[in-house]
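[1] model this:
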Amino acid sequence: MELLSLVRTNLLRNKLRTILTTLSVFVALFLFCALRGVTDTLQDTIAVGSEQRLITRNKLSLVFPLPMSQLEQLRAMPGIKGVSWSNWFGGQDPVDPSNFYAQFAIDAKTYLPMYSSDLEIVDASPAPQGTPVATGVDPKLAAFMNERTACIVGEGLLAKNKWKLGQTIHINGTIYPGSWPFTIRAVYRPKVRAVDNETMYFHWDYLYENSARQAMVGIYNLELSDPGQAAAIAKQVDAKFENSSAATHTETERAFQAGFVSMMGNIPFVIKFIGFAVAFSIFLVSLVTMMMAIRERTNEFAVLKTLGFQNTSLFVMVVCEAAVITLTGGIAGSLLAKAALEKSGFRLPAFPPLFVHWDTVALGIAVAAVMGIVAGVVPAWQASRLKIVDALRKVA
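    Down below sits the predicted model:
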């Protein structure tokens, strides 16, 4: 207890220096965990992709479509339980073009049942009793299924744009020119945190009935009977269309997601590098601060040794002082980064809101602890090796 009392007294001796050093560590670990939160989100976005579903796209590039003539051939292939398809729309908000959100034209009667494990309908416009709905589709979607211009939006997108259920909105087409009206007939909520809640889905038929373009498919979504056969089925699909005018590239949904994320470049590596660089710079600040503090207390250490304090006790005391400073700032910075990032709802375009794993918080706290121990070792060693005669000569 005597040693802990000395640690507390020493930390409060120069309150301003202690507070500023703690704040430096706090800022460093806040940035460290917040930056890693970006990589946490990207990793979970990849992981949410199912191994039970395959994505078939044009072999040349994702921007080139596939013909509808491939649909029935895919359905007839063994091992494929279901086939759906979708197209990227790429429209703009006519009021605010910078207000980006993803829009997909989907074959609702096959797409929604396939992704029912990822999305749930939390609100929907009522439909007249007896209105038919496709098998496997949530009955609440009857109004959406029977209206060509209807759309489904994420609850995050609904809140951000202050829309209401039943409201008609307009989107300016880029790939598909014109002003496109949509009526919001349902609202979805992700069942998985890593799924985006700011996306709009609408009927694929509506897209091509009102477009001069030939009916084409952006990607095919294939649901498998046996996920263990994914690699074999992917090879069979690509082999079937290898010599066609639209050769395909088929991969698991998880691999497809990873490829999509990789289009951002090596951002995860850069982010991690910056985070560690910030932490290392603050470690150097902490080290210099502790060395200055110990140098100022040379006389004090000489007196403590004269009173019987052992070298080991002084070593532990100095290391504890450094560890308390860095751990206090590290714990506060790491926890605040998680809370602030997740409460803010900040996101990268077309990705879910950013979040920080508890593993990242634990890593931040561990980094803070290591910073404190390492920053305290050098001055602690100097203090413990101090000779009483040499130090008392300075007192005299």
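
[2] tally of neighbours for the nearest residue to Met68 once chain neighbours are set aside?
    Sequence neighbours aside, Ala215 is the residue nearest to Met68 in space, at 5.3 Å (criterion: CB to CB, 6 or more residues apart in numbering). For the C-beta atoms, the positions are set from N, CA and C on the backbone; glycine is no exception. Residues near Ala215, counting by other CB atoms under 10 Å, number 15.

[3] backbone phi and psi for Ala215, please?
    Torsion angles at Ala215 (phi, psi; degrees, to the nearest 10) stand at phi -60, psi 110.

[4] Hmm, Tyr206 and it touching each other?
    No. Using CB atoms under 8 Å, Ala215 makes no contact with Tyr206, being 12.0 Å away.

[5] Residue nearest the middle of the chain, spatially speaking?
    Nearest to the mean C-alpha position of the chain, by CA atoms, centre = their mean, lies Thr41 at 1.4 Å.

[6] can I assume that one is in contact with His357?
    No. With contact defined as CB under 8 Å, Thr41 and His357 do not form a contacting pair (9.3 Å).

[7] From Val318, how far out is Gly96?
    One thing to correct before we go on: residue 96 is Asp, not Gly. Distance of Asp96 to Val318, computed by CB to CB, to the nearest Å: 57 Å.

[8] OK, contacts around Asp157?
    Actually, residue 157 is Leu rather than Asp. Leu157 is in contact with 101, 163, 197-200, counting by CB atoms under 8 Å, 6 or more residues apart in numbering.

[9] now whichever strand or helix holds Ser313: mean pLDDT?
    For Ser313, the enclosing helix or strand under DSSP states H and E is helix 311-344. Averaged over helix 311-344, pLDDT sits at 84.

[10] do stretch 143-156 as well
    Across stretch 143-156, pLDDT averages out at 94.

[11] Not counting that stretch itself, show me its contacts.
    With CB under 8 Å, 6+ apart, stretch 143-156 has contacts from 108-109, 121-127, 131-134, 137, 141, 163, 168, 181-190, 196-203, 205-206, 209, 345, 353.

[12] contacting residues around Asn221?
    Here Asn221 is in contact with 53-55, 83-86, 111, 114, 253 (CB under 8 Å, 6+ apart).

[13] most neighbours, which of these?
    Among the contacts of Asn221, Leu54 has the most neighbours (other CB under 10 Å), with 27 neighbours.

[14] and that one, what does it touch?
    Leu54 is in contact with 221-222, 224, 230, 233-234, 237, 250-253, counting by CB under 8 Å, 6+ apart.

[15] Ser86 is in what secondary structure piece?
    strand 80-88.

[16] now for that strand, which elements pack on it?
    Helices and strands touching strand 80-88, by 3 or more CB pairs under 8 Å, 6 or more residues apart in numbering; DSSP states H and E, are helix 70-75, strand 102-106, helix 108-114, helix 204-209, strand 216-217, strand 219-224.

[17] Kindly export the longest one (C-alpha atoms) in PDB.
    What follows is helix 108-114, C-alpha atoms only, in PDB (Å, rounded to 0.1, in the frame of the first residue of the first chain):
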ATOM      1  CA  ALA A 108     -38.500  -9.800 -56.000                       C
ATOM      2  CA  LYS A 109     -40.300 -13.200 -56.100                       C
ATOM      3  CA  THR A 110     -37.000 -15.100 -56.100                       C
ATOM      4  CA  TYR A 111     -34.600 -12.600 -54.600                       C
ATOM      5  CA  LEU A 112     -36.400 -11.800 -51.300                       C
ATOM      6  CA  PRO A 113     -36.900 -15.500 -50.200                       C
ATOM      7  CA  MET A 114     -33.300 -16.200 -51.000                       C
END
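
[18] For whatever helix or strand comes next after that helix, C-alpha coordinates in PDB please.
    Per DSSP H and E, the first helix or strand lying C-terminal to helix 108-114 is strand 119-124. C-alpha atoms of strand 119-124 as PDB (Å, rounded to 0.1, in the frame of the first residue of the first chain):
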ATOM      1  CA  LEU A 119     -33.400  -8.900 -44.200                       C
ATOM      2  CA  GLU A 120     -36.700  -8.600 -42.300                       C
ATOM      3  CA  ILE A 121     -39.600  -6.400 -43.200                       C
ATOM      4  CA  VAL A 122     -40.500  -4.100 -40.300                       C
ATOM      5  CA  ASP A 123     -43.100  -2.000 -42.000                       C
ATOM      6  CA  ALA A 124     -45.200  -2.200 -45.100                       C
END
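
[19] I appreciate the help and will end here.
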